[in-house]
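> Build me a structure from this.
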Amino acid sequence: MKKKTAKFINNALKPLEKGYMGLKKGVRGLRKKVPDVFHELESFLKNHLISFETSRKLQEDPGFSKLTEVITSEIASKLPHMSEDKLKQIVREKDSAGFLDILTKGLALGEMKDYTKIKKGRLFKRILVANRGEIALRVIRACRELSIESVQVYTKQDEKSLGVKFANRAIKLGNKASDYLNMNKIIKVAKKCKVDAVHPGYGFLAENAEFAKLCKKNGIKFIGPSSKAIEAMGDKINAKQLISQAGVPVLEGTGHSILDVEEGKQVASHIGFPIIIKAAAGGGGKGMRIVHNRESFEENFISCQTEAHSAFGNNDVFIEKYIEDPKHIEFQILADRKGNIIHLGERDCSIQRRHQKLIEEAPSPALTPEMREKMGRAALKVVSSINYEGAGTVEFLIDKQGTFYFMEMNTRIQVEHGITEMITGIDLVKEQIKIAAGAELAFKQEDIKMDGWAIECRINTECVHDGFCPETGTIVNYLPPGGPGIRVCSGSHAGQVVSPHYDSLLAKLMCGGKTRAEAIERMKRALEEFIIEGVDTTIPFHKVVLNTDAFQKGTITTSFIEKNQIMERIRKEFKKKKTLSKDEKAIIISTAVTEYMKKKNRFNDKNSMWVHTARQEAIFHE
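From the prediction side, this is the model:
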């Protein structure tokens, strides 16, 4: 097939010097000789070359030079590791072997674009997925596309999960929800199944340095950075010192943990209120307290220590200057073991509640190209300071004056990685797996192009009108939205039992468009289409947010919910829907009375139906 394709393309390109019409005629003339590949090239011509006829420039100069420029630009977009200047040189030298290879790739008739290079036979044969829910399914799908076997570990609560259903093999860890954190059990299963690597997903053991060490000790590759890199960024105090030495701006604060309340008060007074108390081993929005005055410091300090110990097994905390009303921006990075590092642009995560992200978008409406370049360079400095490998995220805060500060680094794949994939075309999970297997990055920073806009809404099982109270129950109906630009990442389905033992994330709804406005409209449509019955979700919250003027204008900070009175709007909407019609009230009352009478044995089964119907009719006609 490839030989025929190569021969066909060489023959078809000979008439290029005579202009576009010569090429078109040449292609038609070869139709009978190679029918098995003709339709592939014909599709390319229709999708890419016929549009050239409407190009004024091409009509003015239909010669070979102009056609070469157009074809070069088309092919260049599909080969991110190849500079356009280099490609033009290869196109001019048509007789070179490089020209045929590049053109074949550009036409998508041969090998598709590669973002990493890996030697043949080096890719993993079998990977254990040490997670659950949406991210487990995401990793399993990536493995399948890479022809890698997947082994899903699970607990009793997830016996009917989609991850268990779609993995090549599923092994039960135990009956406890906490078994996902049992490192020894997971390693035992990994060795029994003879896996080459373990993918931790996000959460659970994804940023656990001890687990990374245990994997290495047992000859199993941990798909993520080294334990040293995890430790370096996991200790927020140590991370700030490292980053400051690398020349990246950090917030004013303590360079050591604060264990004493009085010392903390002195430090806070010196920095100046408001301040924020943070868990040294924290992450995911946990272990944080904002303090506005000296009087409330002690209560918040003790509360933060308690939460830090409960969440991370470490009650060390430190103090930083608190930036009021900032923007929360994070940069997605990829790094290989050879020291090659690139970033894939930013995501705006400013819409959050109690430091928990709810809506993300890429790129950020707040950044200028100059700001993006400056922050991107800072992100690369952060990563290069710790000899990092794999996928990760460098997070920043931007104050009202436009100054940015390093906040933290997440040494794992993020929940919101999908919107970066949508605007760059790069499958981050697949690249993460290949890098772990020894692949090298095949492209440079200048090759990364962002196309369009993408927004993510986290659909959680929470009752938004009741303070985002977690919901449990059974999903009785589940119908995700579809259509152009819609992506849903979820492990949910009808009949699924929502357990109180795990995170409330049910689905990630992502919508993309050519512009931010188009992405917003698609998200609004998708939220209307998304049907989830049996449990309350955060869909009403997202609907309210997307319909605010502030969101549509891109005026977004971490205090967006409070500034725009989102919760008040949601409660008003809930009250409107809470009002029942007369018919609904009648059915509820009559049903309740019937059930009560049954328990009291006031009538037998023979006449209960008639009594029940008569009672309903009486109420309806009041």
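> How many residues are close by residue 225?
28 (other C-beta atoms under 10 Å). C-beta here means a position set from N, CA and C on the backbone, and glycine is covered the same way.
> Next: residue 516.
Residue 516 - counted by other C-beta under 10 Å - has 17 other residues nearby.
> Check residue 527 too.
Counted with other C-beta under 10 Å, residue 527 comes out at 21.
> what do you get for the one 10 residues further on?
Residue 537 has 24 neighbouring residues, counting by other C-beta under 10 Å.
> likewise residue 558?
Close neighbours of residue 558, defined as other C-beta under 10 Å, add up to 21.
> Can you list the low-confidence ranges for the stretch 351-500 of the chain?
For the stretch 351-500 of the chain, applying pLDDT under 70 flags no range at all.
> and what of the stretch 51-200 of the chain?
51-114.
> could you pull out the helices for the stretch 351-500 of the chain?
369-384, 417-424, 428-436 (DSSP state H, counting those that start in this stretch).
> what's the answer for the stretch 501-622 of the chain, then?
516-529, 539-546, 549-553, 560-563, 566-578, 582-600, 605-620.
> The stretch 51-200 of the chain now?
Along the stretch 51-200 of the chain, counting by DSSP H, counting those that start in this stretch, helices occupy 56-60, 64-76, 84-92, 97-106, 133-145, 162-166, 183-192.
> Low-confidence ranges, the stretch 201-350 of the chain, go.
If you take pLDDT under 70 as the line, the stretch 201-350 of the chain has these spans: 284.
> which residue ranges form the helices in it?
For the stretch 201-350 of the chain, the helices defined by DSSP H, counting those that start in this stretch cover 209-217, 227-234, 236-245, 261-271, 297-312.
> ok so, going back, so which of the helices of the stretch 351-500 of the chain is nearest residue 487?
Closest to residue 487 of the helices of the stretch 351-500 of the chain is helix 417-424 (C-beta to C-beta; 6.3 Å).
> other SSEs contacting that closest one?
strand 341-353, strand 356-362, helix 428-436, strand 453-460, strand 486-490, strand 505-513 (3 or more C-beta pairs under 8 Å, 6 or more residues apart in numbering; DSSP states H and E).
> do you know how far residue 384 is from residue 543?
To residue 543, residue 384 is 42 Å away according to C-beta to C-beta, to the nearest Å.
> Of the two, give the one with the bigger neighbour count.
Just comparing residue 384 and residue 543: by other C-beta under 10 Å the higher neighbour count belongs to residue 543, 17 against 14.
> Distance of the more buried one relative to residue 359?
Residue 543 sits 12 Å away from residue 359, going by C-beta to C-beta.
> and what of residue 304?
26 Å.
> What of residue 203?
19 Å.
> Comparing the two, which residue is more hemmed in?
Neighbours were counted for residue 203 and for residue 359 using other C-beta under 10 Å; residue 359 has more, 24 against 19.
> Give the closest residue to that one in space, chain neighbours not counted.
The shortest distance from residue 359 to any non-neighbouring residue, by C-beta to C-beta, 6 or more residues apart in numbering, is to residue 351 (4.1 Å).
> Same question for residue 388.
Residue nearest to residue 388 in three dimensions, not counting chain neighbours: residue 335, with 4.7 Å by C-beta to C-beta, 6+ apart.
> before we move on, what about residue 444?
Spatially, and ignoring its direct neighbours in sequence, residue 444 is nearest to residue 342 (6.9 Å; C-beta to C-beta, 6+ apart).
> show me what contacts that neighbour?
333, 334, 335, 380, 441, 443, 444, 445, 448 (C-beta atoms under 8 Å, 6 or more residues apart in numbering).
> thinking again about what came up before, would you format the helices of the stretch 201-350 of the chain as JSON lines with distance to residue 174 included?
Shown next, in JSON lines, are those (distance: least, C-beta to C-beta, whole Å):
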{"stretch": "helix 209-217", "distance to residue 174": "17"}
{"stretch": "helix 227-234", "distance to residue 174": "25"}
{"stretch": "helix 236-245", "distance to residue 174": "32"}
{"stretch": "helix 261-271", "distance to residue 174": "41"}
{"stretch": "helix 297-312", "distance to residue 174": "22"}
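> Please work out which of those is packed deepest.
With neighbours defined as mean count of other C-beta atoms under 10 Å, the helices of the stretch 201-350 of the chain peak in mean count at helix 227-234, which reaches a mean of 22.
> what's the angle between that one and helix 369-384?
For helix 227-234 and helix 369-384, the angle between their directions (axes from the mean of the first three to the mean of the last three C-alpha atoms, to 10 degrees) works out to 130 degrees.
> what does helix 227-234 rub up against?
Contacts to helix 227-234, defined as C-beta under 8 Å, 6+ apart, come from residues 207-210, 212-213, 216, 224, 238-239, 242, 281, 283, 386-389, 408-411.
> mind showing which ranges of the stretch 501-622 of the chain have poor pLDDT?
577-622.
> switch the cut-off to 50
Residue ranges of the stretch 501-622 of the chain with pLDDT under 50: 602-622.
> so what's residue 485 up against?
Per C-beta under 8 Å, 6+ apart, neighbours of residue 485: 511, 512, 513, 518, 519, 522.
> Out of those, the closest to residue 423 would be?
Distance ranking of the contacts of residue 485 against residue 423, using C-beta to C-beta, places residue 512 first at 6.9 Å.
> Let me know whether that closest one touches residue 453 as I believe.
Yes. Taking C-beta atoms under 8 Å as the definition, residue 512 is a contact partner of residue 453 at 6.6 Å.
> Which residues are in contact with each of those two?
In contact with both residue 512 and residue 453: 423, 519, using C-beta under 8 Å, 6+ apart.
> quick one on the thing from earlier: state the distance from the residue nearest to residue 444 to residue 331.
Using C-beta to C-beta, one gets 10 Å for the distance from residue 342 to residue 331.
> What residue spans form the domains of this protein?
For the chain, the structural domains run 2-106, 126-223, 252-321, 324-451, 452-579, 582-620, going by automatic domain parsing.
> Tabulate those domains (JSON lines), appending distance to residue 234.
Output for these, formatted as JSON lines (distance: least, C-beta to C-beta, whole Å):
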{"stretch": "domain 2-106", "distance to residue 234": "32"}
{"stretch": "domain 126-223", "distance to residue 234": "6"}
{"stretch": "domain 252-321", "distance to residue 234": "6"}
{"stretch": "domain 324-451", "distance to residue 234": "7"}
{"stretch": "domain 452-579", "distance to residue 234": "20"}
{"stretch": "domain 582-620", "distance to residue 234": "53"}
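> right, and the ones you listed - which one's nearest residue 120?
Of these, the one closest to residue 120 (C-beta to C-beta) turns out to be domain 324-451, at 11.6 Å.
> tell me how far the ends of the closest one are from each other?
End-to-end distance of domain 324-451: 32 Å, with C-alpha to C-alpha, to the nearest Å as the criterion.
> Quick one: distance of that domain to the chain centre.
Relative to the chain's own centre, domain 324-451 is displaced by 11 Å; criterion: C-alpha atoms, centre = their mean, to the nearest Å.
> Compute the distance between residue 497 and residue 472, please.
Relative to residue 472, residue 497 is positioned 8 Å away (C-beta to C-beta).
> Count the residues that sit near the nearest residue to residue 117 once chain neighbours are set aside.
Using C-beta to C-beta, 6+ apart and skipping residues adjacent in sequence, the residue nearest residue 117 is residue 442, 4.7 Å away. By other C-beta under 10 Å, 18 other residues sit near residue 442.
> Repeat that for the one 5 residues further on.
For residue 447, the count of nearby residues is 17 (other C-beta under 10 Å).
> Backbone dihedrals for residue 326, please?
Here is the backbone geometry of residue 326 (degrees, to the nearest 10): phi -90, psi 170.
> quick one: it and residue 544, what's the gap?
Noted for residue 326: a distance of 23 Å to residue 544, by C-beta to C-beta.
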